[in-house]
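In: Turn this into a structure:
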Amino acid sequence: MHIRQANKNDHQAISVLLQDAFKEEVHSDHKEHLLVDRLHRSAAFIPELSLVAKQDHQIIGYILLTRIHIASPLSGEVTSLALAPVAVSPSYQQRGIGSRLIQYAHDRARDLGFGSVVVLGHEDYYPRLGYKMAKDYGIRFPFDVPEENCMIIELQEDALRGHSGQVIYPKEFME
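Out: Numbers count the residues shown, from 1 in each chain. Just a heads-up that it's a prediction; the model follows:
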């Protein structure tokens, strides 16, 4: 398996992969492919953090980290990233590909100077990758979802020290 930055020629394959990967997911609106399309055209898009996993000349996985902010009246605003989505083709799931995509994306984000990543995700999966509950950092998400699904990871030591508040997503997440 090889991980690389996605390019414009990958967009159709990414869209098909996302639809296939999320079609059986209960906690999905099944519109992840539309979200990714909107995010690719947004100011929050960072091309270096749009990544595909390929095997045998086929895209089998995808991850996108997008610029967001955490805002507080007391501590101001800090830039962070949102992990949304990560997807693996159903025939390749349960092989650690999603975890490798996430770790690779974390490494790239760290190299680009980003200090943290937020995710709205499965409470049993993401803690294995180092994610902690956002509430432990005083960070709130703008969605009505269980606290255990709102998580964050520091990519840089103490990146969130002195920062708390509300996650501010780009408008493309809310459409």
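
In: buried sites along the longest strand along the chain?
Out: Assignment by DSSP state E gives strand 58-72 as the longest strand of the chain. Neighbour counts using 16 or more other CB atoms under 10 Å place 59-70, 72 of strand 58-72 among the buried residues. Heads up, the C-betas are built off the backbone N, CA and C, glycines and all.

In: and of these, the nearest to residue 89?
Out: Nearest to residue 89 among those: residue 60, at 4.6 Å, using CB to CB.

In: my guess is that closest one meets residue 90, correct?
Out: No - between residue 60 and residue 90 there is no contact under CB atoms under 8 Å: 9.9 Å.

In: Spatially central residue in the protein, please.
Out: By CA atoms, centre = their mean, the chain has its centre lying nearest to residue 83, at 1.0 Å.

In: what helix or strand does that residue sit in?
Out: With elements taken from DSSP states H and E, the one containing residue 83 is strand 76-88.

In: Tell me which residues touch the residue sitting furthest away from the middle of the chain, please.
Out: Most distant from the centre of the chain: residue 74, at 26.5 Å, with distances by CA atoms, centre = their mean. Contacts for residue 74 were tallied using CB atoms under 8 Å, 6 or more residues apart in numbering; they are 164-165.

In: can you check the one 3 residues further on too?
Out: Applying CB under 8 Å, 6+ apart, we find residue 77 in contact with 69-71, 168.

In: what's the spacing between residue 101 and residue 140?
Out: Between residue 101 and residue 140 the computed distance is 27 Å (CB to CB, to the nearest Å).

In: Show me which of these two is the more surrounded one.
Out: Counting neighbours by other CB atoms under 10 Å for residue 101 and for residue 140 shows that residue 101 has the greater number, 23 against 16.
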